[in-house]
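S.K.: The following block contains a protein sequence and its predicted model.
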Amino acid sequence: MTRVLVTGGGGQLGRSIADRVDEARFAHLDVHILTRAALDLSNLPQVQMTLAEFDPEVIINAAAYTNVDQAEDEPGRALNANEGGAGLLAGFGRRLIHLSTDFVFDGAKGGWYVEDDATAPLGHYGRTKALGEAAIRAQIDNHLILRTSWLYSAHGHNFVKTMLRLATNNADMRVVADQVGCPTSAHDLADALLRLVDTDHLGTFHLAGTEEATWHEFAVGIVEAAGIDVEVEAIATTEYSTRAPRPANSRLDSTAIADAAGIRLPGWRTSLPAVIEQIQALSD
Ligand code: NDP
């Protein structure tokens with residue numbers, strides 16, 4: 001059995017990992033999934049004690065400060081979790097599988113982003129995630145940094161759940177049509193992470209859904225898949241102000257991990273219907 005510790009167990013990725021872990025194909029993994037209440041990365045003695053007790057061979061770091069707008073007003077908290085937490089875990093020398101983000105890029109590239117493209121985050125969240133990547137690389141070779149994007153799932157807060165709520169309540173749906181990225185099912189990502197545990201792939205890879213969309217295209221796809229007849233108005237980013245700027249293009253090219261490890265996440269049109277079914281089942 002490979003002992004695996006998962007941080008951030010209360011988040012949408014952590015909970016998506018918990019959904020998968022009992023499947024027979026992962027029976028060779030002894031997975032401990034800890035929420036922030038049980039393992040807070042800002043609590044050094046607690047982290048030291050937990051690692052000493054469970055002695056994991058692999059750590060999956062799904063913990064992060066993820067509120068992109070609030071990070072502008074709480075820079076210290078975001079930095080502590082995203083740089084400090086990542087660096088702290090790397091210091092234990094266990095294989096570390098860490099999640100990073102498309103928001104490390106500024107969106108100015110014309111095409112899809114590959115791993116070697118220069119990072120240039122637009123906001124504080126992206127900056128802290130880029131610093132987290134650097135803190136890991138500086139300390140441990142045995143790491144996988146996986147940049148993902150636009151996560152959605154039946155758990156936590158995400159765009160799919162927000163769109164379904166607005167559509168069901170007949171609220172105005174005005175969605176930006178000039179930001180493009182790769183929606184990624186956290187359930188697909190969780191499956192991929194568990195498959196990567198027992199591999200020896202190293203380095204930084206992009207791992208996102210393999211089909212692009214603008215937020216507007218994605219919103220239209222969501223209401224269509226849910227069978228809700230509602231109009232979704234396309235607007236420009238300039239008409240929807242947010243505290244932190246977003247990259248206009250953050251499409252992640254996930255070819256390298258497909259070539260190296262045979263892992264390719266489905267596109268959102270494939271994965272979305274099952275997630276919507278799960279969301280609807282949970283709200284019944
Ligand atoms: P969530 O915000 O849903 O979950 C993150 C979890 O980490 C929360 O349960 C949070 O707890 C916990 N956490 C925060 N700070 C600490 C800490 N100091 N110690 C321990 N736990 C902590 O995020 P996701 O599951 O959506 O994201 C998973 C990963 O994927 C993150 O690394 C994120 O940066 C990355 N990512 C996410 C994207 C997305 O669209 N969501 C896109 C691209 C990358 P609490 O809520 O109590 O603070």
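M.R.: Ah, there it is.

S.K.: make it CA atoms for all contacts and neighbour counts henceforth
M.R.: Noted.

S.K.: All the strands of the stretch 151-284 of the chain, in order from the start?
M.R.: With DSSP state E, counting those that start in this stretch as the criterion, the stretch 151-284 of the chain has strands at 151-152, 174-176, 180-181, 184-185, 203-206, 213-214, 233-235.

S.K.: Need the winner for burial among those strands.
M.R.: Mean neighbour counts were compared across the strands of the stretch 151-284 of the chain using mean count of other Cα atoms under 10 Å; the top stretch is strand 184-185, at a mean of 27.

S.K.: average model confidence for it?
M.R.: Averaged across strand 184-185, pLDDT comes to 98.

S.K.: partners of it, with directions?
M.R.: Partners of strand 184-185 in the sheet, by DSSP bridges, are strand 151-152 (parallel).

S.K.: is any part of the strand it pairs with close to the ligand?
M.R.: Yes - applying Cα under 6 Å from any ligand atom, one finds strand 151-152 touching the ligand at residue 151.

S.K.: Identify the residues contacting that strand?
M.R.: Applying Cα atoms under 8 Å, 6 or more residues apart in numbering, the external contacts of strand 151-152 come out as 12, 158-160, 183-186.

S.K.: got it, and stretch 7-14?
M.R.: Applying Cα under 8 Å, 6+ apart, the set of residues contacting stretch 7-14 from outside is 6, 15, 18, 33-36, 39, 59-64, 152-157, 186-187, 189-190.

S.K.: Can you list which of those are found in helices?
M.R.: Cross-referencing those with the helices (criterion: DSSP state H) gives 15, 18, 186-187, 189-190 as the overlap.

S.K.: Can you give me the pLDDT of residue 60?
M.R.: According to the prediction, residue 60 has pLDDT 98.

S.K.: Report the separation between it and residue 32.
M.R.: When distance is defined by Cα to Cα, to the nearest Å, residue 60 is 10 Å away from residue 32.

S.K.: Next, show the common contact partners of those two.
M.R.: In terms of Cα under 8 Å, 6+ apart, residue 60 and residue 32 are both contacted by the residues 4-6.
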